[in-house]
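# What follows is a predicted structure for the sequence shown.
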Amino acid sequence: MRAVVRTAAAAATALALLLTGCGGGDGGADGRITIRFQSLAWQKESVDANKQLVKEWNASHPDVRVQYVQGSWDSVHDQLLTSFEGDEAPDVIHDASDDLADFAYGGYLADLRTLLPGRLTADIPQRSWRTSTFDGGVYGVPFLQEPRVLIANTKILKASGVRVPTPEKPWSWTEFGQVTKKLTGKGRYGVAWPLKEPVSVTLNLGLSAGGELFHRGADGKVTLAMDDGDLVVPRTIHDQVNTDHSAARTALGMGGGDALPGLFGGKYAMVPLGFSYRQQVVEQAPKGFEWTVLPAPAGSAGLAQGVSPQTLSVAEDSPHKKEAVEFIDFLLRPANMVRLAKGDWMLPTGKEALADPSLHTADRGWATGVALAGALRSAPAQSVRGYPEWKDKVATPAYQEYYSGAIDAAELRKRLVKDGNRVLARYQR
Amino acid sequence: MSMRTRRSVRAGQYLALLCYLVFLAFPFLWLISTAFKPAPELGSLHPTWIPHHPTLDNFRAAFDEQPLLRAAANSLIAAVSAGFIAVVIATPMAYVMARHRSRLSAAATGWVVVSQAFPFVLLIIPLFLVLKYLHLINTLWGLIMVYVVWSLPFALWMLVGYVRAVPPELEEAAAVDGASRLRTLVSVTAPLLAPGIVATALFAFITAWNEFFFALVLLKTPEKQTLPVVLTHFLGAEGASDLGPLAAAAFLATLPSLVLFAVIQRRITGGMLAGAVKS
C-alpha cells in the first residue's frame, strides 16, 4: 500500500514540476512593442520566406518586434472567431478574402483606408482591392492570388495534334469541349475535374462566360438569377462527364491533389487546378513526365475568372495598428512580395512585383500565370452575406447532383435560384 | 444445432472478425506505407502497399519543417496531466455515486449523460472567456483544465460502473475484520478498482492526446502548440497537403497511444476481480 501512496505522491510531484514550466505570458516588459503575426503559410518554401522576412524586420526594427505565429487553413475561421470574441486576436492576420466578410461586418477587423501607405494602395490594382472591400471599408490587403489553369500532359497534347492554347489565343469553352473529346482514348480521359468543392470552381470560371449569378440591386440587396452565361461552365462539365464521357466521372469527388496520380499515369490528359498545384507536380511527378500550364478556356468575357486573394488584415482591437500596417507594408514591398509569391507558387497582386523578370519565365508555367493576372476579378460571391450557407446547403449538393447527371439544368437552376434566394433573404432583412 | 452447422457459424464469425480487423487496420497500415514512400511514389496511379524505394525523407522533412518534438512534449504534458487529474477527481466521486444511491446521484448521472451531447463550438467561447479571466489563455494549465473538465463526465460514468462491479460484501468483510472506512477503501477497494482507474486514465489521456479544437483556439504561441495543431500545418487551402511529411508526422503521433495500449492492455482486460468472491 505504501508503494501505491509513494507512487501517487511521486506522480503528483512530477506533475507539479512539469506544470511549473507550463505557464504562459506575453513576454517581458522591456518597453518594446510586440506584434503577433499569424501566418497561414504551410509549404516549406513559403514558411521559410515568411520567417526570413520577420527576421529581417526584427533586425531592422528593434522597437517593434514581430512574433511569427503559425496558423492553419483548415480551421482558421473558427480559431479567429474565438480569438476575436475573447479579445485575443493576433495583430496581423493572414487569411483569404472570401473569409473576411463576416469578420469585417462584425467589426473585428480594422478599416485600413486611412492607415495604408500610398505606395501600397497604388501598387495593388483596384480589382484586387475590391476583393477585400466591404461596405466601403478596406479590411485586408490582397497580396497573393491564384488563377485556375489547365495542367496538361505535354506528350498526349502533342500527339493529339490539337491547337495548344496561349493566354493570347485561349480555347473557347466550345473548343475546349471538342479538344477533350479528341484527347479521350482507350483508358484515357481528356480531362478530370476534381470537384470536391464544386461551387467556387464553377462560379469563378463562370465569370469568363459572363456568369455572375449574384446580382446586387439598387437597394444593396443581393439576389440570385441564372442566365445563359451562368450555365456555360456547368453545362460544359456536365456534358463532358455524362454525354461524351471525355471527363472522368470518378474524379468529380476528388480534391485537386487526388487527381494528380491520374495525370502522371496518363489516365487524364489535363486537370484544371489552382496555379499553386504546380509545386505538387514538380515534387511528385515521375521522372520524365512532361507537363505544361495552359490558360483556362475563355468565354464572352475573355479569360476573366474570379479569385479570392490571400490577405493581410489588422485586428480592430490591436493597440498597435500603425505598427502592424508598417509591418504589412514592409512584408509587401515588391521584392518581398515576389519572395512570398514564389514561396507559395502563386501570383503577387502588386503591379511592380508582377513585373519582376523572374516571374516572366516559361519555366513551370510562371509566364502563363502572370499573363492571366490582368483578367482576375473578385470572386462573384465573396462579399455576399449568407453565401457560406447557400454554398453548403444549396449549391454544393445541387452542383454535385447536376455534374453526376442526377438532375437536369432546369432543376439545377430552380434549386440554385429559388432555394438560394430564400437563404439570402434571411440575411438581408 | 449440428456440429457442422456450428463449425460453419464459427467460421463465419471468424471471417467477419477478420474483415473487421482489416477494416480497422487499413488506414493505419496505409499511413505507415505512405510515410515511407518517396514523393514520386505518392503520386503513382498504381500505389503499392510496400514502397518500392522506402525512404526516411518524409520523417526528416517533417522534423525539419515543424517543431514536432516540442509539440509532442506539450501534448504529453497535457494528456498525462489531464488523465491523472481526471482520475484523481473522478474516483472518489464515482465511489460516492455508486455506493450511496440517491436522487442526487441519479440526477448527477443524468447530467453526465446530457453533458456529453454539448458540441465543442457551443462551449468554446464561454470557456475562452473564463480562461481569459483566469489568465490561463495560451498556457498548458488552461488547456489541461479544459481537458479535465471535458473528460470528467465520461470518466465518472466509466468509474461508477467499475465501482459497482466491486462487491460491497468485500468492504463489509473488511469492516467486520475491524478495518476503518479509509483503510477499507485504500486496501480493499482501490486495488480492485485499479483496472478501471487505468482504463479511465487511458481514456482521458487519449481524449486529450488527440484533441485539436480547444488546443487550436487556446494556445497562441508556437512554443505551446500541441501535436494535433502542428499536424494541420502540413495542410494547405482547399485540401492541398504535404502528404509525405504529414503521413510521417501522423504516424509518429499515433505511437504513444499504441505503446500505452500495448503496455497496459493486460491490466485493463486482466480481470483482477476474478476469484475475489467465492460463489
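Now that the structure is in, tell me what you want to look at.

# Give me the residues contacting stretch B:27-36.
Contact with stretch B:27-36 is made by B:42, B:48-51, B:54-56, B:58-59, B:243-244, B:247-248, B:250-251, B:254, as judged by Cβ atoms under 8 Å, 6 or more residues apart in numbering or on different chains. For the C-beta atoms, the positions are set from N, CA and C on the backbone; glycine is no exception.

# Leaving out the residues flanking it, which one is nearest to residue B:70?
In this structure, residue B:70 finds its nearest non-sequential neighbour in residue B:223, 6.8 Å apart by Cβ to Cβ, 6 or more residues apart in numbering or on different chains.

# Would you double-check that the one you found falls in a helix?
Yes. According to DSSP: H, G, I helix; E, B strand; the rest coil, residue B:223 belongs to a helix.

# What's the per-residue pLDDT of it here?
pLDDT for residue B:223: 87.

# With the one 4 residues further on instead?
At residue B:227, the pLDDT value in this model is 94.

# Touching, it and residue B:71? I think so.
Yes. Contact criterion Cβ atoms under 8 Å: residue B:227 and residue B:71 qualify, at 4.6 Å.

# Find the residue closest to the spatially most central residue of chain A in space, skipping its chain neighbours.
Using Cα atoms, centre = their mean, the residue of chain A that lies closest to the mean C-alpha position is residue A:308, 5.4 Å off. Closest residue to residue A:308 apart from its sequence neighbours, by Cβ to Cβ, 6+ apart: residue A:98 at 3.8 Å.

# for the stretch 151-279 of chain B, which spans come out with low pLDDT?
Scanning the stretch 151-279 of chain B for pLDDT under 70 picks out B:239, B:266-279.

# thinking again about what came up before, so which of residue B:227 and residue B:71 has more stuff around it?
residue B:227 (27 against 24; other Cβ atoms under 10 Å in any protein chain shown).

# What number of residues are in the vicinity of the residue nearest to residue B:70?
Count around residue B:223 with other Cβ under 10 Å applied: 12.

# same check, this time on residue A:209
24.

# next one: the one 5 residues further on
If you count neighbours by other Cβ under 10 Å, residue A:214 ends up with 20.

# Quick one: residues contacting it.
Residue A:214 neighbours (Cβ under 8 Å, 6+ apart): A:222, A:223, A:224, A:380, A:381, A:384, A:387.

# That one and residue B:47, how far apart?
From residue A:214 across to residue B:47, the span is 41 Å (Cβ to Cβ, to the nearest Å).

# swap in residue A:73?
According to Cβ to Cβ, residue A:73 and residue B:47 sit 26 Å apart.

# of the two, who's got more company?
Comparing residue A:73 with residue B:47 by other Cβ under 10 Å, the one with more neighbours is residue A:73, at 22 against 14.

# Quick one: residues contacting that one.
Shown in contact with residue A:73 (Cβ under 8 Å, 6+ apart): A:40, A:42, B:235, B:236, B:237.

# Max pairwise distance over these: which two?
Using Cβ to Cβ, the pair of the contacts of residue A:73 lying farthest apart is A:40 and B:235, separated by 10.0 Å.

# Looking at these two, which is more packed in?
residue A:40 (22 against 18).

# now what about stretch A:383-399, what contacts it?
Applying Cβ under 8 Å, 6+ apart, the contact partners of stretch A:383-399 are A:101-102, A:105, A:133-134, A:195, A:197-200, A:202, A:214, A:222, A:224, A:234, A:381, A:407, A:411-412, A:415-416, A:419-420, A:423-424, A:426-428.

# go on, stretch A:150-157?
The contact list for stretch A:150-157 (Cβ under 8 Å, 6+ apart) reads A:164, A:183, A:188, A:191, A:263, A:266, A:268-273, A:277-278, A:281, A:289-296, A:365.

# Residue B:136: what secondary structure?
coil.

# so it touches residue B:129, yeah?
No. Between residue B:136 and residue B:129 there is no contact under Cβ under 8 Å: 11.3 Å.

# Looking at those two, which one has more neighbours?
In this view residue B:136 and residue B:129 are compared by other Cβ under 10 Å, and residue B:136 has more residues nearby, 19 against 16.

# how far away is the closest residue to the more buried one other than its chain neighbours from residue A:86?
Nearest residue to residue B:136, sequence neighbours excluded (Cβ to Cβ, 6+ apart): residue B:142, at 3.1 Å. Per Cβ to Cβ, residue B:142 is found 12 Å from residue A:86.

# Neighbour count: these two, which is higher?
Counted by other Cβ under 10 Å, residue B:142 and residue A:86 do not tie: residue B:142 has more neighbours, with 25 against 21.
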